[in-house]
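Novice: Following is a predicted model, sequence given first.
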Amino acid sequence: MTTAYAGGIARLYDLVHQGKGKDYAREAADLAALIGSRVPGARSVLDVACGTGLHLEHLAPLFASVEGVEISPDMRELAVRRNPDVPVHLGDMRDFALGTTHSAVTCMFSSIGHMRDQAELDAALARFAAHLDPAGGVVVVEPWWFPETFTPGYVGASIVEAEGKTISRVSHSRLEDDATRIDVHYLIAAPGEEIAHLAESHRITLFERAAYERAFVRAGLEVEFLEGGPSGRGLFAGVRA
């Protein structure tokens, strides 16, 4: 099983999630409003773990400049193709250093949950804070589920028809120590072709809310938790203390 959204799975990513109703344009507009409420006149955004660049595509018209960071080469390639005028850097959120600063640093769609422990969570938040403008800025992070809100054994299923293909996605989430283990299987069917099967597995840490808050504070940020968010898991917003 793959673990980094590589190859064919990277190419399916947008089709599946948009087919399930994920509205990147609406999320980008809401994110821009949140950033503007914390940093009036915000001009630039760095989106960490930007994936295939759909948030970047919709953030670009709303700010003077946007950039992305992505650890998966295949996802980054798609993001660059989608946003040819946007710098998208290959990098790891735990140690990237771009030499630039921004009004806002964002990390969406629970990508932060791929940090394995408090030390890695602290490292990521420190890197986010290091890329904020010295005069002030905001870090926005969409967490994974907290231990008390995760549903062990959850099964998700969807069928999407796009680009002449029928794509079936089934996922199973189970508790593994202090993390979620998600196994995902895809069946891809197209007229005149054999049915293809792809699979991936992800381990996403179930950090407590207090663990996120500690990481923000250690990075020198005053943090607040906002209920709801684009996926129902809430958002953390932290400004320079």
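Specialist: Received it, and whenever you're ready, just let me know what you need.

Novice: C-alpha from now on. contacts and neighbour counts both.
Specialist: Fine.

Novice: Was I right to think residue 65 contacts residue 43?
Specialist: Yes: counting by CA atoms under 8 Å, residue 43 is a contact partner of residue 65 at 6.6 Å.

Novice: Phi first, then psi, for residue 61.
Specialist: phi -70, psi -10 (degrees, to the nearest 10).

Novice: swap that for residue 143, sorry
Specialist: According to degrees, to the nearest 10, residue 143 has phi -80, psi 170.

Novice: mind showing which ranges of the protein have poor pLDDT?
Specialist: 1-7 (pLDDT under 70).

Novice: Three-state assignment for the residue in it sticking out farthest from the centre, please.
Specialist: Computed with CA atoms, centre = their mean, the residue of the chain farthest from its C-alpha average is residue 192, at 35.2 Å. Following DSSP: H, G, I helix; E, B strand; the rest coil, the label given to residue 192 is coil.

Novice: and the biggest helix by length in the chain, how far out from the chain's middle?
Specialist: Ranked by number of residues, the top helix in the chain under DSSP state H is helix 24-38. With CA atoms, centre = their mean, to the nearest Å as the basis, helix 24-38 stands 15 Å off its chain's centre.

Novice: what does stretch 55-63 give?
Specialist: 15 Å.

Novice: The chain: strands as residue ranges?
Specialist: Ranges of strands within the chain are 44-48, 65-70, 88-90, 104-107, 138-141, 155-162, 165-176, 179-189, 196-205, 221-226, 235-240, based on DSSP state E.

Novice: got the contact list for the last one?
Specialist: By that I understand strand 235-240. Strand 235-240 is contacted from outside by 38, 136-143, 216, 220-229, using CA atoms under 8 Å, 6 or more residues apart in numbering.

Novice: Check the longest one too.
Specialist: Contacts made with strand 165-176 from outside it, assessed by CA under 8 Å, 6+ apart, are listed as 16, 151-161, 180-191.

Novice: for the first one, same thing?
Specialist: Contacts made with strand 44-48 from outside it, assessed by CA under 8 Å, 6+ apart, are listed as 56, 63-70, 93, 102-108.

Novice: for the third one, same thing?
Specialist: With CA under 8 Å, 6+ apart as the contact definition, strand 88-90 has outside contacts at 67, 68, 69, 70, 71, 72, 73, 76, 79, 80.

Novice: hmm, which of these are the buried ones?
Specialist: Among those, those buried by neighbour count (16 or more other CA atoms under 10 Å) are 67, 68, 69, 70, 71, 72, 73, 76, 79, 80.

Novice: Switch those residues over to JSON lines; also include distance to residue 199.
Specialist: Formatted as JSON lines, the buried ones among the contacts of strand 88-90 follow (distance: CA to CA, whole Å):
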{"residue": "67", "distance to residue 199": "30"}
{"residue": "68", "distance to residue 199": "26"}
{"residue": "69", "distance to residue 199": "25"}
{"residue": "70", "distance to residue 199": "21"}
{"residue": "71", "distance to residue 199": "19"}
{"residue": "72", "distance to residue 199": "16"}
{"residue": "73", "distance to residue 199": "18"}
{"residue": "76", "distance to residue 199": "20"}
{"residue": "79", "distance to residue 199": "22"}
{"residue": "80", "distance to residue 199": "25"}
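
Novice: Nearest to residue 87, out of the residues you listed: which one, please.
Specialist: The nearest member of the buried ones among the contacts of strand 88-90 to residue 87, counting by CA to CA, is residue 67 at 5.1 Å.

Novice: isn't the closest one right next to residue 83, touching?
Specialist: No: between residue 67 and residue 83 there is no contact, the gap being 9.8 Å when judged by CA under 8 Å.
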